[in-house]
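A.B. asks: Provided below for reference: sequence and predicted model.
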Amino acid sequence: MTDSPALAVLQRVFGYETFRAEQQSIVEHVIAGGDALVLMPTGAGKSLCYQVPALVREGVGVVVSPLIALMQDQVDALTELGVRAAFLNSTQDWQGARDVERAFLQGEIDLLYVAPERLLTDRCIQLLERGRIALFAIDEAHCVSQWGHDFRPEYLGLSMLHERWPDVPRIALTATATQTTRREIAERLALGEARQFVASFDRPNIRYHIVEKSDVRRQLLTLLRQEHDGDAGIVYCLSRNKVEETAEFLRANGIDALPYHAGLGSALRAQNQSRFLREDGVVMVATIAFGMGIDKPDVRFVAHIDLPKSIEGYYQETGRAGRDGLPATAWLAYGLADVVQQRRMIDESTGDDAFRRQLGAQLDAMLGLCETITCRRQRLLQYFGQAIAPCGNCDNCLQPPQAWDGTVAAQKMLSAIYRLWKERGQRYGAGHLIDILRGKQTARVSDNGHDSLSVFGVGKDLSEQAWRGVLRQLLAHGLVMVDQEGYGTLALTEASRAVLRGERTLMLRREADRPATRATSRTRLADPELDSVAQIAFDALREWRSEVARSHGVPAYVIFQNATLREIAIARPDSLSALSRVSGVGAKKLESYGRLILERLAALDTGVVRLSQPA
């Protein structure tokens with residue numbers, strides 16, 4: 001590709017010397033006019049796969065994206081690179097939209113971002129038919145899948161792109177999709193003949209850590225204080241109320257936390273999102289409505305304090321951490337109540353039996369990831385059809401949990417559930433069952449005569465927490481079910497019979513004792529390549545970048561990413577020519593900021609700029 005126009009664009013505009021992994025093959029395929037379905041993890045450079053071809057081919061690259069709130073940032077980032085970019089969505093007034101339409105028709109735009117509901121209007125279709133289109137890029141393509149975790153009904157209409165513009169290449173991109181979802185994307189977008197590119201799903205810089213819930217807000221606070229003090233991160237909750245309560249709790253404990261959910265006014269959501277993107281060290285507490293398309297590269301942790309519904313959703317959400325390649329944490333706390341709640345939600349779903357079975361299968365896979373005693377990353381990537389060796393960078397690899405023969409304990413619990421139903425015709429929840437097994441003489445136990453059951457007190461050898469772990473795993477293994485007729489009550493399944501009869505041995509997971517790491521974020525994230533002099537230069541460049549970003553009204557990473565600033569701090573270029581060889585410094589950024597960077601570095605050498613040593 002020495003004479004490749006694609007490589008020339010990559011180097012001149014984006015400042016990268018070479019393509020990464022599958023990028024080159026994808027870019028060349030689309031430039032040649034081929035359709036593509038691209039599966040590539042967050043942070044692996046999906047956007048370049050359509051941005052470069054759009055700049056090489058004649059016409060305008062039309063990017064279909066559901067991320068209305070982020071389009072301005074995406075356009076700002078391209079403008080900083082010297083790319084002529086614009087968007088059309090519902091946030092614009094009629095004059096702004098008309099100006100973009102005029103620029104499109106006059107060939108003054110390289111990339112046009114359009115929301116799917118806007119694209120499907122007659123006005124937009126007629127506009128596109130009057131212009132020259134280089135390609136269609138369908139971002140977040142998993143939104144088309146009704147089996148997926150973020151279904152958007154307006155995406156179903158995008159198959160018309162192939163019908164109206166059969167000669168324009170289309171590229172659909174997503175960061176996560178199983179083979180089932182991938183087939184559905186191809187079918188619904190009429191991409192059956194498209195070439196599929198599936199990159200590795202592995203994000204080795206992310207450490208996966210799953211813990212049992214026990215006062216989850218305090219657990220979260222400990223994580224933030226001991227491992228991510230001052231870091232930017234995202235905390236996901238299942239409900240709006242929990243978002244509000246958790247954000248308030250964190251703020252009361254000195255954490256700069258903001259809420260984000262669909263119940264907030266649009267202005268406040270936009271304000272909170274802007275602060276998260278533009279300021280350092282902000283923690284966003286959110287429902288899964290937040291995060292899709294977030295390009296913030298320095299998110300150091302993603303924490304879930306409720307059990308995600310599927311591995312696809314979990315992978316997509318955790319993938320928002322560590323986009324810059326530096327160490328990041330994916331932390332999840334879940335407990336028995338999560339499993340009961342998710343099972344009940346599936347049973348009460350208004351979908352048909354096939355839909356409920358699909359939801360159940362997704363939850364089973366998620367529970368399997370939580371309860372595995374083997375490498376988390378192996379189990380996670382196996383779900384997407386990828387095999388790897390143990391990663392050495394998840395909680396199970398670093399501190400392996402123990403497996404123990406829980407057959408007898410399981411038989412005791414299953415017997416308790418069975419006897420309550422057989423002898424009393426009633427079913428009860430987890431807390432009452434555990435009280436019976438542990439021989440706890442509560443008013444409810446005595447009033448119902450449950451202290452006369454043969455199973456009363458047979459489980460005194462296990463703590464209440466241990467029993468909750470047993471019951472959680474019985475639910476995960478499908479040996480116990482949440483009874484649809486009673487709120488949160490438990491019943492046996494067909495699979496229970498083999499365990500009760502002793503025909504099946506049940507190995508259960510016992511949590512390892514994992515003391516929290518007490519390193520501060522500054523210590524942990526100090527780059528081993530940065531000596532003390534380079535660290536001072538890096539901090540000075542970050543300070544300069546923040547000043548420029550504030551003056552431009554854009555997030556700091558739009559100016560330069562940390563990886564580029566680190567390389568500059570290490571190389572200490574003394575000329576524009578030397579600076580141009582740093583990855584991430586394209587022609588436009590060299591022109592805009594080159595001399596300013598050289599002046600800042602020179603000022604450090606002469607002692608004009610003095611920063612305190614990093615803590």
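C.D. replies: Nice, I can see it.

A.B. asks: can you report how many residues neighbour Thr222?
C.D. replies: 12 (other Cβ atoms under 10 Å). Bear in mind the C-beta positions are built from the backbone N, C-alpha and C, glycine included.

A.B. asks: oh sorry, the question was meant for Leu369
C.D. replies: 21.

A.B. asks: would you confirm that it belongs to a helix?
C.D. replies: Yes - counting by DSSP: H, G, I helix; E, B strand; the rest coil, Leu369 falls inside a helix.

A.B. asks: secondary structure element holding the spatially closest residue to it that is not a sequence neighbour?
C.D. replies: Among residues not flanking Leu369 along the chain, Arg379 sits closest, at 5.1 Å (Cβ to Cβ, 6 or more residues apart in numbering). Assessed by DSSP states H and E, Arg379 sits inside helix 376-383.

A.B. asks: pLDDT at Val609, what is it?
C.D. replies: Here the pLDDT value assigned to Val609 is 53.

A.B. asks: per-residue confidence at Gly425?
C.D. replies: Reported pLDDT for Gly425: 67.

A.B. asks: do the same with Asn272
C.D. replies: Looking at Asn272, the pLDDT reads 92.

A.B. asks: how about the one 3 residues further on?
C.D. replies: The predicted structure scores Arg275 at 91 on the pLDDT scale.

A.B. asks: which residues touch the helix holding Arg379?
C.D. replies: By Cβ atoms under 8 Å, 6 or more residues apart in numbering, the residues outside helix 376-383 that reach it are 178, 201-202, 204, 208, 210, 311, 315, 365, 368-369, 372, 387-391, 393-397.

A.B. asks: narrow those to those in helices?
C.D. replies: 311, 315, 365, 368-369, 395-397 (DSSP state H).

A.B. asks: among these, which one lies nearest to Ser577?
C.D. replies: Closest approach between the ones in helices among the contacts of helix 376-383 and Ser577, by Cβ to Cβ: Tyr315, at 42.1 Å.

A.B. asks: spatially central residue for this protein, please.
C.D. replies: What sits nearest the mean C-alpha location of the chain, by Cα atoms, centre = their mean, is Glu317, with 1.8 Å.

A.B. asks: returning to what we had before: what would the ones in helices among the contacts of helix 376-383 look like in TSV with distance to Pro153 and pLDDT?
C.D. replies: As requested, the ones in helices among the contacts of helix 376-383 are arranged in TSV below (distance: Cβ to Cβ, whole Å; pLDDT from 0 to 100):
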residue	distance to Pro153	pLDDT
Ile311	23	91
Tyr315	23	90
Ala365	25	90
Gly368	30	89
Leu369	29	93
Asp395	38	94
Asn396	39	94
Cys397	41	95
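
A.B. asks: farthest pair in the residues you listed?
C.D. replies: Maximum distance among the ones in helices among the contacts of helix 376-383 (Cβ to Cβ): 20.0 Å, for Ala365 and Cys397.

A.B. asks: for the chain, which spans come out with low pLDDT?
C.D. replies: 1-2, 146-150, 291-293, 423-425, 484-488, 511-529, 607-615 (pLDDT under 70).

A.B. asks: ok so Glu17 is a strand residue?
C.D. replies: No - going by three-state DSSP, the assignment for Glu17 is coil, not a strand.
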